[in-house]
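*Asks:* Dropping the sequence and predicted coords here.
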Amino acid sequence: MRNTIQLAAGMLSIVGLSSLILLVEPLQAEKPEVPKYPVVEKLTHKGYTETITIPDKKVTFEMLPIPAGSYLMGSPAKEKGRLADEGPQHPVGVKGFWMGKCEVTWDEFDTFWRAKPGNKGDPEPENPKDADAVTRPTPAYDDETFGLGREGNPVICISHHTAMQYCRWLSIKTGKVYRLPTEAEWEWAARAGTTTAYSFGDDPKDLGDYAWDEANSDEKPHPVGKKKPNPWGLHDMHGNVAEWCLDHYKKDQYDSFPKDKLTLQPVLKPTAARWSHVARGGSWNDKPELCRSAARRGSEKSWIRLDPQRPQSIWWLTSAEFVGLRVVRAVVEQNDLKGIRSLTTRESR
């Protein structure tokens, strides 16, 4: 035994402590470094005010700059109120864009359809050069606001098709390319660099300062921009009205993304199918857990269950007074979304 100990000591003296450190260090360096999310890149663009002008009317709205970056999309397994479709969390990267400071109001939407409501058979050129050539919603069969307020209030009860057509019209009208946000863009903007359940923290007791929800809404939506904004200046990302995203809704969509590799600008592009599409943010009619940054909702046919039209309208939702929209504009549009448009027709199911 003594000889063995002496031999080991001799070897240590020959190799030396510094050499041993060198032998160990490469093994430690081989461990992959886990990125720390979120990563918020420096802003490269500035906000601006957009103007819509029609005869005898001018409407403006603000577009805020949203930085590029990466984050963990979805919610952690232990987040209170979490549903299965919010996981597993996966790293996602988004490029810079602008987003509406507030939800689209009736004031803005009315410039699109009220001056020239459409007819069921309105044809639309494949690539209209004039905004007036874009098909518009058919006349509503009742008060499209459902008596819940018009001036300054968010537009409600519009279908995913209508929201996309509004963006198409707005793009031609202004010369800038507007569209609905992808799910990844929407959650990135809602989180605003945070990792908590809400952009202000994890405790829903503070939600009333930032949102109109079931507890404080008096059963109706409210004029936009009256609650505190999130850290990036966006109002009503929690509550007031749920907001259409571009994507089709798929309950297990997050299972398809790698958990150890960044997915850049994911989107499940819409097809001609009417159901189902993603709505985000919760609404005036929802409990706090549905207003979390990661909460998802898929549209369903029950949203038109009171529709008296035959065939049922592709423009209006009779049982979804909680759904509206917010627009975005990419700094540099991703290739798979260039020229995106609604494919829904009266024959769509």
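*Replies:* All right, it came through fine. Note that the structure is a prediction, hence the values are computed from the model and not measured.
*Asks:* May I have the phi/psi pair for the residue positioned nearest the centre of the chain?
*Replies:* Centroid check for the chain by CA atoms, centre = their mean gives residue 186 as the closest residue, at 2.3 Å. Per-residue torsions, residue 186: phi -60, psi -50 (degrees, to the nearest 10).
*Asks:* shouldn't it be in contact with residue 243?
*Replies:* Yes: if you go by CB atoms under 8 Å, residue 186 and residue 243 touch, sitting 7.0 Å apart. Every C-beta, even on glycine, is put in place using the N, C-alpha and C of the backbone.
*Asks:* hey, what's in contact with both of those two?
*Replies:* Common neighbours of residue 186 and residue 243 are listed as 280, 281 (criterion: CB atoms under 8 Å, 6 or more residues apart in numbering).
*Asks:* Show me the protein divided up by domain.
*Replies:* According to automatic domain parsing, the chain comprises the domains 1-31, 39-337.
*Asks:* Distance from the last one to the middle of the chain?
*Replies:* What it means is domain 39-337. Here the centre of domain 39-337 is set off from its chain's centre by 6 Å, with CA atoms, centre = their mean, to the nearest Å.
*Asks:* What is the end-to-end distance of that domain?
*Replies:* End-to-end distance of domain 39-337 (CA to CA, to the nearest Å): 24 Å.
*Asks:* From residue 107, how far out is the residue nearest to the centre of the chain?
*Replies:* 23 Å (CB to CB, to the nearest Å).
*Asks:* low-confidence ranges in this structure?
*Replies:* Along the chain, the parts satisfying pLDDT under 70 run over 1-34, 310-311.
*Asks:* ok, which stretches of it are strands?
*Replies:* 39-40, 48-54, 57-66, 69-73, 90-94, 97-100, 242-248, 263-264, 277-280, 296-298, 323-324, 328-330 (DSSP state E).
*Asks:* Which one of those lies nearest to residue 133?
*Replies:* Judged by CB to CB, the one of the strands of the chain that comes nearest to residue 133 is strand 48-54, at 15.0 Å.
*Asks:* Pull out the buried positions in that closest one.
*Replies:* If you call a residue buried by 16 or more other CB atoms under 10 Å, then strand 48-54 has these buried ones: 50, 52.
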